[in-house]
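Chemist: Sequence and predicted structure below; questions after.
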Amino acid sequence: MSKVKVHAGICGFISNIKVNKTDGKNAKVKITSACGMIKDLSSEMTEINWIKSITREMADSEVYKITDKYITHAACPVPSAILKAVEVEFGLALPKDVTMKIEKD
């Protein structure tokens, strides 16, 4: 199982993503969050096909197509985190934290 914990920023919501491979191309996805949009997303995004999610252009990614139905904030980092968890679960990437440092001068 691969896990990602997302502190989304100024909204204050934390999302926990768990991805568990079920076969060579599919994985179960469990997302928990206090964010209403992420809760709605999690009701549909329960299984992911890595080929339909990772090997497509961003607009054609299964993850982003489903996300587009529920999340109205384009800068939300949760969809990217889901893809990162999928990559790690299928051995397409090593587990390594991603950071963003945001400043305003």
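Modeler: Cool, got the structure.
Chemist: all helices for this protein, in order.
Modeler: In the chain, the helices defined using DSSP state H lie at 36-44, 50-54, 62-70, 78-89.
Chemist: buried set for the first one?
Modeler: If I follow you right, that is helix 36-44. 37, 38, 41, 42 (16 or more other CB atoms under 10 Å). In short, each C-beta sits where N, CA and C put it, glycine included.
Chemist: got the CA coordinates for it in PDB?
Modeler: Only the C-alpha atoms of helix 36-44 are listed here, as PDB (Å, rounded to 0.1, in the frame of the first residue of the first chain):
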ATOM      1  CA  GLY A  36     -16.600  18.400   1.000                       C
ATOM      2  CA  MET A  37     -15.300  18.400  -2.500                       C
ATOM      3  CA  ILE A  38     -12.700  15.700  -1.700                       C
ATOM      4  CA  LYS A  39     -15.400  13.700   0.100                       C
ATOM      5  CA  ASP A  40     -17.500  13.800  -3.000                       C
ATOM      6  CA  LEU A  41     -14.600  12.800  -5.200                       C
ATOM      7  CA  SER A  42     -13.800   9.900  -2.900                       C
ATOM      8  CA  SER A  43     -17.200   8.400  -3.500                       C
ATOM      9  CA  GLU A  44     -16.400   7.900  -7.200                       C
END
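Chemist: which strands and helices sit next to it?
Modeler: Contacts defined by 3 or more CB pairs under 8 Å, 6 or more residues apart in numbering; DSSP states H and E place helix 36-44 against strand 26-33, helix 62-70.
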